[in-house]
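J.: For reference, the sequence and a predicted model appear below.
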Amino acid sequence: MGKKKRTIWNHWTVITQNSVENNKPSLHPSVQCNYCSKIFDRAVPFRMQAHLDKECLGTPDNSKLPYTEPSPNTINTNIPISEINRPIKRTKLSTINNFIDRMNEEEQETLEFLLAQALFSAGVPFAFVENPQADEQISKATTLCMISDGWSNINRESVQNFVICTPKPFFFDATFSGKESHIAEWVANQITQQMDIISIQKFSAVITDTASVIKAA
């Protein structure tokens with residue numbers, strides 16, 4: 001049983017079958033309006049109904065789609081016409097191409113502490129982080145002071161620290177000492193080697209704690 005055509009076809013006359021689709025007459029033949037000379041080479045129900053509703057002067061009322069009043073639930077009749085027709089203001093989105101983040105001295109000190117803590121716990125040598133400012137100030141200083149002390153990191157490994165003052169203190173190096181940290185000769189050699197990296201003649205003092213092995217060194 002063929003598909004029943006819409007009532008719109010009652011107001012149009014099929015002129016020709018333009019083509020055959022799958023061995024069946026085309027669903028879009030050429031048609032002519034029953035009330036005027038309008039012809040569509042390819043029948044499309046939507047276009048056919050629009051012609052009857054808006055263009056054809058001889059169309060009877062029963063061929064037109066009934067007019068439906070807009071629902072008050074979907075349209076706010078209190079909005080002024082000027083507001084409805086007002087062009088939409090588009091907000092220009094800003095970009096972050098020129099964004100620059102800054103930190104104060106307190107934030108920088110906190111980040112440096114966290115970085116040092118991460119390097120201590122992982123056993124990463126401090127040469128991993130270069131400090132151009134420290135290198136510049138140490139090279140320009142006429143006299144330097146070496147500060148050295150031994151301690152244990154969170155992995156319970158013995159570490160010997162070396163700090164250079166210009167007089168501003170700069171962390172210079174750290175050596176994993178192990179059991180050798182308790183040998184005075186080893187401690188003395190480490191301090192001397194660290195000063196030789198820069199120039200031992202530039203050092204005017206060495207500061208350590210009062211441990212017996214340090215005193216002996």
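T.: Cool, got the structure.

J.: Poorly predicted segments of the chain, please.
T.: Applying pLDDT under 70 to the predicted model, the residue ranges of the chain that meet it are 1-6, 17-27, 66-101, 119-131, 179-182, 213, 215, 217.

J.: try 50
T.: Within the chain, the stretches with pLDDT under 50 are 1-2.

J.: Quick one: the strands in it, in order.
T.: In the chain, the segments counted as strands under DSSP state E are 12-16, 20-21, 24-25, 30-33, 39-40, 144-152, 158-165, 169-176, 203-207.

J.: Reformat those as JSON lines; add mean neighbour count and distance to W186.
T.: From N, CA and C alone the C-beta is placed, and that goes for glycine too. Written out in JSON lines, the entries for these read as follows (neighbours: other C-beta atoms under 10 Å; distance: least, C-beta to C-beta, whole Å):
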{"stretch": "strand 12-16", "mean neighbour count": "14", "distance to W186": "108"}
{"stretch": "strand 20-21", "mean neighbour count": "10", "distance to W186": "97"}
{"stretch": "strand 24-25", "mean neighbour count": "11", "distance to W186": "101"}
{"stretch": "strand 30-33", "mean neighbour count": "19", "distance to W186": "106"}
{"stretch": "strand 39-40", "mean neighbour count": "15", "distance to W186": "103"}
{"stretch": "strand 144-152", "mean neighbour count": "18", "distance to W186": "11"}
{"stretch": "strand 158-165", "mean neighbour count": "19", "distance to W186": "9"}
{"stretch": "strand 169-176", "mean neighbour count": "17", "distance to W186": "10"}
{"stretch": "strand 203-207", "mean neighbour count": "13", "distance to W186": "15"}
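
J.: Okay, helices next: where are they in this protein?
T.: Per DSSP state H, the chain carries helices over the ranges 45-50, 81-85, 105-122, 132-140, 184-198, 212-216.

J.: if we look at the fifth one, which residues are touching it?
T.: Counting contacts by C-beta atoms under 8 Å, 6 or more residues apart in numbering, the residues outside helix 184-198 that touch it are 138, 144, 146, 148, 150, 160, 162, 164, 172-173, 175, 177, 180-181, 200, 203, 206, 213-214, 216-217.

J.: Enumerate the positions of it that are buried.
T.: W186, V187, Q190, I191, Q194, M195, I198 (16 or more other C-beta atoms under 10 Å).

J.: I'd like these as TSV, with distance to T59 appended.
T.: Rendered in TSV, the data for the buried residues of helix 184-198 read as follows (distance: C-beta to C-beta, whole Å):
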residue	distance to T59
W186	110
V187	110
Q190	106
I191	108
Q194	103
M195	107
I198	102
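
J.: Show me the domain layout of this structure.
T.: 1-65, 125-216 (automatic domain parsing).

J.: okay if I get those as JSON lines plus distance to R102?
T.: Listed next are those as JSON lines, based on distance: least, C-beta to C-beta, whole Å:
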{"stretch": "domain 1-65", "distance to R102": "62"}
{"stretch": "domain 125-216", "distance to R102": "17"}
